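Colleague: Quick check, what structure comes out for this input:
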Amino acid sequence: MLIALAVTGALVLPAFAVAATVSPTRAQKAAIVKAFGDPKSAASCLKVRLAASNHNYATVRFRRVRRCRKWAFNGTNALKRVRQRHWKVVFEASAYRCPLAHIPRRVQRDLGICR
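Modeller: Residues are numbered from 1 along each chain as shown. A predicted model of the protein is given here:
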């Protein structure tokens with residue numbers, strides 16, 4: 001019985017971790033990539049995710065495949081929608097202390113910035 005509960009918990013918990021972000025629309029992704037500073041040609045190598053708790057916040061990560069190595073970067077980032085189709089980088093770092101004062105804590109958890 002205890003083993004069954006442990007296995008069930010192991011299967012359910014990762015599903016919650018994945019549910020912390022949602023996919024942006026094509027237009028949102030294009031605007032976020034533009035604000036992030038990479039050219040349109042990099043878009044297929046970048047994973048853009050919106051915070052599930054607040055779709056006005058996003059993060060960009062690179063796809064870990066060989067053809068995308070030239071777009072690789074080290075660190076964490078967050079962007080915020082400032083107008084309908086305009087986003088702004090509000091956080092970029094590879095070393096920092098949590099929690100961040102200027103980003104909602106729930107968004108920080110959703111985007112994997114701070115736990």
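
Colleague: Any figure for the gap between residue 23 and residue 52?
Modeller: 11 Å (C-beta to C-beta, to the nearest Å). Any C-beta I mention is one placed from the backbone N, CA and C, and that applies to glycine too.

Colleague: How about the secondary structure of residue 82?
Modeller: strand (DSSP: H, G, I helix; E, B strand; the rest coil).

Colleague: which non-adjacent residue is nearest it?
Modeller: residue 88 (4.9 Å; C-beta to C-beta, 6 or more residues apart in numbering).

Colleague: quick revisit: with neighbour numbers in mind, choose between residue 23 and residue 52.
Modeller: residue 52 (17 against 11; other C-beta atoms under 10 Å).

Colleague: my read: the more buried one touches residue 21, true?
Modeller: Yes. Under the criterion of C-beta atoms under 8 Å, residue 52 is in contact with residue 21, at a separation of 5.8 Å.

Colleague: Could you pull out the residues contacting both of the two?
Modeller: residue 110 (C-beta atoms under 8 Å, 6 or more residues apart in numbering).

Colleague: Could you look up the SS state of the residue nearest to residue 82?
Modeller: Going by three-state DSSP: residue 88 is strand.

Colleague: how deep is it tucked in, by neighbour count?
Modeller: Residue 88 - counted by other C-beta under 10 Å - has 11 other residues nearby.

Colleague: That one and residue 70: what is the separation?
Modeller: Taken as C-beta to C-beta, the span from residue 88 to residue 70 is 25 Å.

Colleague: Tell me where this protein has helices.
Modeller: Remark: helices assigned in the chain by DSSP state H are 2-18, 26-36, 105-111.
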